[in-house]
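Chemist: Return a 3D structure for these sequence lines:
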Amino acid sequence: MKYRVVHKTEYFYGVTVSQCHNLAHLRPRNLPAQQCLGHRLQVDPLPMDLAEHEDFFGNHVSYFSIQQPHQTLTVTATSEVHLDPGNGQLALDKDMPWDEVRALLAQPLTDMARENRQYVLDSPHATAAPELEEYAAVSFSPSRPLLEAVRDLMARVHHEFTYDPGFSTVSTPLAKVLSSRRGVCQDFAHLAIACLRSLGLAARYVSGYLETLPPPGQTKQPGADESHAWFSVYLPDVGWHDFDPTNNRVPLDQHITTAWGRDYADVAPLKGVIFGGDPGHQPQVSVDMTRLPEPETPAVKELSGE
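Modeler: Numbers count the residues shown, from 1 in each chain. Now for the predicted structure:
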């Protein structure tokens, strides 16, 4: 499956901004099941500085600064991505009991445990707590296979929580999300991550895009796709496996990964500092994912015996 993704973010300031400095996590990663074929970042007004680098987690980061007065800022990221869903399947045949995974991650002297320790420890938006451990324990009975248990946790979050875009902000505590049983994709990812960390498991936050399809017979509207968030859990000797609790599915051919980290703070699509401006401004974001035709495979001609 091949996509063109156009992610457009617009800021409208009520008061002039004299300058700004920004970081963007908008270029899709190259993965076994995903290849970024091309990427272009356009910024208006034209930035004075524009630089690219790779962060601690291996994500592609763009830095830009605008050092002229402006009242609007438009950032448009255009990417072409090829997905191979066959490489994203859960390795259920290699699953192992979750409590054995916890024991392996707790060993201090192994390279595997040291490398993934950062995803077991608390982070600003995903902190372990007794009430989260209690919520997760329903899915994690003793010796239950890890991926099976995580899939059950994903399904419970999907069915027991209401998607409510007006309920939360990035700073809403998980205790409130848990007690209210409401939130958005970011909240559900943080909730699942904190549940897993409460059990001593390694989990990380994944940022990206989700293709949305209109009901049968209706036309897809421009900007109807979404920037999205889900989570991933680590299975020793196999690797990371993604889960989307908002949609109760394993991400395959409609999810595009841009970045991952400990939580949202590590991988915000666009963040920065402004001098001046209106403190109450809110960005307008639109995402378009367009399916592109795949090149046709040439027919194989049979050789005759003549």
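Chemist: Tell me, how many residues neighbour residue 4?
Modeler: Residues lying near residue 4 (other C-beta atoms under 10 Å) number 15. For the C-beta atoms, the positions are set from N, CA and C on the backbone; glycine is no exception.
Chemist: wait, it sits on residue 292?
Modeler: Yes - Residue 4 is within contact range of residue 292, at 5.7 Å (criterion: C-beta atoms under 8 Å).
Chemist: Spit out the residues that contact those two alike.
Modeler: Residues touching both residue 4 and residue 292 by C-beta atoms under 8 Å, 6 or more residues apart in numbering: residue 80.
Chemist: So residue 11: helix, strand or coil?
Modeler: Per DSSP: H, G, I helix; E, B strand; the rest coil, the local secondary structure of residue 11 is strand.
Chemist: Any idea what it is bridged to?
Modeler: residue 73 (DSSP bridges).
Chemist: and it, how far is that from residue 111?
Modeler: According to C-beta to C-beta, to the nearest Å, residue 11 stands 43 Å off from residue 111.
Chemist: Who has more neighbours out of the two?
Modeler: With neighbours defined as other C-beta under 10 Å, residue 11 and residue 111 compare such that residue 11 has more, 21 against 7.
Chemist: quick one: contacts for the more buried one?
Modeler: Neighbours of residue 11 in contact, by C-beta under 8 Å, 6+ apart: 72, 73, 74, 281, 283, 284.
Chemist: if you skip the residues just before and after it, what's nearest to the first one?
Modeler: In this structure, residue 72 finds its nearest non-sequential neighbour in residue 12, 5.5 Å apart by C-beta to C-beta, 6 or more residues apart in numbering.
Chemist: Assumed residue 221 was part of a helix.
Modeler: No - the assignment for residue 221 by three-state DSSP gives coil, which leaves it out of any helix.
Chemist: That one: neighbouring residues, count only.
Modeler: Residue 221 has 10 nearby residues by other C-beta under 10 Å.
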